[in-house]
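> let me see the structure of the following:
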Amino acid sequence: MSPNEYNEDIFSLRERETIVTDIRSSYSFIFNQLVQIYKFHHQHEKISAKAEEVADAVETLHNEGKITDYLYENFKSCYSQYPTMLVGNLVKEKERVGADKQYERLKKLKGLLKLYIGDLSEEINDLIEEEFDAEKRSIIRKYFG
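So this is what the prediction gives:
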C-alpha cells in the first residue's frame, strides 16, 4: 500500500465520520444567511433561524419578488432533505439501505448544500452592492443636487 492510498483511506474514513456534522453545519449556515436576507428586507420583524420560520420567510421573500425563482426552488430542494437529517431518520435509513448507500446520499446532499451556499453568497453580495450604490446616489444628490 502506497502512502497516498493510506492517506485516501484515512480521509475517506474521517469524512464518513464527520459528514452528518458537516451537513448540519451547512444547514445552520444557510438558515442564518436566509434570516439575514429576510432582516435586510424586513428590518423591524423578528425571526429566528428555526427551519420552519426560515421556510416561511423564504416563501414570503419569493412572493414579494425579493429573491429569484432559482434561489427559491433550490431552497425548496435543500429544505426537502432537512428532515432526513434527524437522528431517528438517519438510523432508520442506515438500517434500511445500508451504510454505503446512505453515505453516497449524504455526499450528494453535502454537495447540493455547498452549491446553495455559493448561490446565497452571490445573493448577499448583490444586496450589499445595491445598498452601496443607493447610498452613493443619495450622497451625490445631497451634496451636488
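> lowest-confidence helix or strand of this structure?
Counting by mean pLDDT, DSSP states H and E, the chain has its least confident helix or strand at helix 3-41, which shows a mean of 81.
> that one - contacts with which helices or strands?
Under the contact criterion of 3 or more CB pairs under 8 Å, 6 or more residues apart in numbering; DSSP states H and E, helix 3-41 touches helix 51-63, helix 69-80, helix 99-144. For the C-beta atoms, the positions are set from N, CA and C on the backbone; glycine is no exception.
> among these, which is nearest residue 14?
Closest to residue 14 of the helices and strands packed on helix 3-41, according to CB to CB: helix 99-144, at 12.6 Å.
> what's the angle from that closest one to helix 69-80?
Angle, helix 99-144 to helix 69-80, by axes from the mean of the first three to the mean of the last three CA atoms, to 10 degrees: 140 degrees.
> centre of the chain to helix 99-144, how far?
Averaged C-alpha coordinates place helix 99-144 at 10 Å from its chain's average position (CA atoms, centre = their mean, to the nearest Å).
> one more: stretch 58-74?
On CA atoms, centre = their mean, the centre of stretch 58-74 falls 14 Å from that of its chain.
> again, but for stretch 57-72
Chain-centre distance of stretch 57-72: 14 Å, with CA atoms, centre = their mean.
> CA atoms only for that stretch - export them in PDB, please.
Extracted as PDB, the C-alpha positions of stretch 57-72 are listed here (Å, rounded to 0.1, in the frame of the first residue of the first chain):
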ATOM      1  CA  ALA A  57     -39.600  33.700   5.400                       C
ATOM      2  CA  VAL A  58     -38.100  32.400   2.200                       C
ATOM      3  CA  GLU A  59     -41.600  31.900   0.800                       C
ATOM      4  CA  THR A  60     -42.500  35.500   1.800                       C
ATOM      5  CA  LEU A  61     -39.400  36.800   0.200                       C
ATOM      6  CA  HIS A  62     -40.200  34.900  -3.000                       C
ATOM      7  CA  ASN A  63     -43.800  36.100  -3.100                       C
ATOM      8  CA  GLU A  64     -42.600  39.700  -2.700                       C
ATOM      9  CA  GLY A  65     -40.100  39.200  -5.500                       C
ATOM     10  CA  LYS A  66     -37.100  39.800  -3.200                       C
ATOM     11  CA  ILE A  67     -35.400  36.500  -4.200                       C
ATOM     12  CA  THR A  68     -35.300  34.800  -7.500                       C
ATOM     13  CA  ASP A  69     -37.200  31.700  -8.600                       C
ATOM     14  CA  TYR A  70     -33.800  30.000  -8.900                       C
ATOM     15  CA  LEU A  71     -32.900  30.700  -5.300                       C
ATOM     16  CA  TYR A  72     -36.400  29.800  -4.100                       C
END
